[in-house]
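Visitor: Sequence plus the predicted model coming up.
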Number of protein chains: 2
Amino acid sequence: MMRISTKGRYGARLMLELALYYGKGPVLLKDIAKREEMSEGYLEHLLPPLKAAGLVNSSRGAHGGYTLAKTPSEITLREVVQALEGPLSPAECVHTPNVCQRVRSCVTRDIWKKLGEKISQTLESVTLKDMVEMQKNKGETSLIYNI
Amino acid sequence: MMRISTKGRYGARLMLELALYYGKGPVLLKDIAKREEMSEGYLEHLLPPLKAAGLVNSSRGAHGGYTLAKTPSEITLREVVQALEGPLSPAECVHTPNVCQRVRSCVTRDIWKKLGEKISQTLESVTLKDMVEMQKNKGETSLIYNI
DNA sequence: ATAATTCCTATTAATATGATAGAATTAGTA
DNA sequence: TACTAATTCTATCATATTAATAGGAATTAT
């Protein structure tokens, strides 16, 4: 149904949390899970791909936890989503042409390809730093609303 | 995995076929299935939603078949995909806010919403007429290649 | 009547998604 | 050294979605 799965969605929130605590030492998965109301066990599965993509560092043992591997302004949402969801193209034939014989003559494939590029661009234009700022603005306006 | 399912993808090809034969009387599902190498039985399931969306007309019985309900230039790819896949937003919380309590404060939701709008715009900008023209250009260039 | 076609409903198979559990490993600290 | 807090690894399961198949009912032109 053209959805980003919970992998990508939870992953984005996980990375935002890490960005919010950037520079303050390792963050516990347990705490992120609690604050964001996500299953800790499920979040666990997201870390290996994020580490493999060079977005997250981890330290084990007591006082361990997770930290961003780069500054928030250096990490785009595209990297995060792609690390977790794989290629962003909306049809397999776009990134794996040999799944279909019709590739050369297929008009719809050309369109799916363009669409995938748009999606990529859109996600690429958002960094974790942007998201942190959005979060801070939200905090303020939601205070105003609450008066 | 952020894919358009076969519903939407097959549906796009089905509609392109109908556009290619626009004005030449009803087209048989059997023929479309054969030309496009798609399961006729599966295609059958795509017609009810396309009819409900006012994109396709059908006539039953001998010499029946399917025709576009509007001219190819009046039908956008967004209409087709949306009729088959439902809302194009990449997360459910975008179009059904009450699935999540965090909606008001959620930064990622704002981003998914923007992304969904981009996807919609991109698909909206392509009509069946455009696709027919793309197809014709393909035919020519592929002839050249084949010499 | 008959043949050709859409239409409808049920069922199944395959795949992807989401979640849980438990043991193994690592590192700090008393 | 022993203890504790944390990540890491692997296996498993439940559920939902997607894709496909099948059979028959209804409709229409000839």
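Guide: Arrived safely.
Visitor: Going by C-alpha atoms from here, please, whenever you check contacts or count neighbours.
Guide: Noted.
Visitor: average model confidence for the helix or strand harbouring A:Lys129?
Guide: Per DSSP states H and E, A:Lys129 falls inside helix A:128-146. Confidence over helix A:128-146 (mean pLDDT, whole number) is 82.
Visitor: repeat for stretch A:58-77
Guide: On average, stretch A:58-77 scores 96.
Visitor: is it anywhere near DNA strand C?
Guide: Yes - counting by Cα under 7 Å from any atom of the strand, DNA strand C has neighbours in stretch A:58-77: A:Ser59, A:Arg60, A:Gly61, A:Ala62, A:His63.
Visitor: Would you mind checking those residues for buried ones?
Guide: Neighbour counting by 16 or more other Cα atoms under 10 Å in any protein chain shown classes none of these as buried.
Visitor: ok but A:Thr67 is inside a strand, no?
Guide: Yes - counting by DSSP: H, G, I helix; E, B strand; the rest coil, one finds A:Thr67 located in a strand.
Visitor: Just list the residues touching it, thanks.
Guide: Residues counted as contacts of A:Thr67 (Cα atoms under 8 Å, 6 or more residues apart in numbering or on different chains) are A:Leu18, A:Tyr22, A:Gly25, A:Pro26, A:Val27, A:Val56, A:Asn57, A:Ser58.
Visitor: Strands - which of these land there?
Guide: A:Val56, A:Asn57, A:Ser58 (DSSP state E).
Visitor: Number of residues surrounding the first one?
Guide: Just to be clear, that refers to A:Val56. The local packing of A:Val56 (other Cα atoms under 10 Å in any protein chain shown) involves 18 other residues.
Visitor: for the second one, same thing?
Guide: By the measure other Cα under 10 Å, the count of residues near A:Asn57 is 17.
Visitor: Tell me the one of the contacts of A:Thr67 nearest DNA strand D?
Guide: A:Ser58 (4.6 Å; Cα to the nearest atom of the strand).
Visitor: wait, what's in contact with that closest one?
Guide: A:Ser58 touches A:Pro26, A:Gly64, A:Gly65, A:Tyr66, A:Thr67, counting by Cα under 8 Å, 6+ apart.
Visitor: And those, which of them are buried?
Guide: By 16+ other Cα under 10 Å, the contacts of A:Ser58 give A:Pro26, A:Gly65, A:Tyr66, A:Thr67 as buried.
Visitor: among the residues you listed, which two are most distant?
Guide: A:Gly65 and A:Thr67 (6.9 Å; Cα to Cα).
Visitor: Need the overlap of contacts for those two.
Guide: With contacts defined as Cα under 8 Å, 6+ apart, the residues shared by A:Gly65 and A:Thr67 are A:Pro26, A:Val27, A:Ser58.
Visitor: rewinding a little: rebuild the buried ones among the contacts of A:Ser58 as TSV, extending it with distance to A:Arg13.
Guide: Converted to TSV, those look like this (distance: Cα to Cα, whole Å):
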residue	distance to A:Arg13
A:Pro26	16
A:Gly65	16
A:Tyr66	14
A:Thr67	14
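Visitor: Contact residues of chain A facing DNA strand C?
Guide: A:Ser5, A:Thr6, A:Lys7, A:Ser39, A:Gly41, A:Tyr42, A:Ser59, A:Arg60, A:Gly61, A:Ala62, A:His63.
Visitor: try 6 Å
Guide: Contact residues, chain A versus DNA strand C (Cα under 6 Å from any atom of the strand): A:Ser5, A:Thr6, A:Lys7, A:Ser39, A:Gly41, A:Tyr42, A:Arg60, A:Gly61, A:Ala62, A:His63.
Visitor: how about the nearest residue to the last one, chain neighbours excluded?
Guide: In this structure, A:His63 finds its nearest non-sequential neighbour in A:Pro26, 7.5 Å apart by Cα to Cα, 6 or more residues apart in numbering or on different chains.
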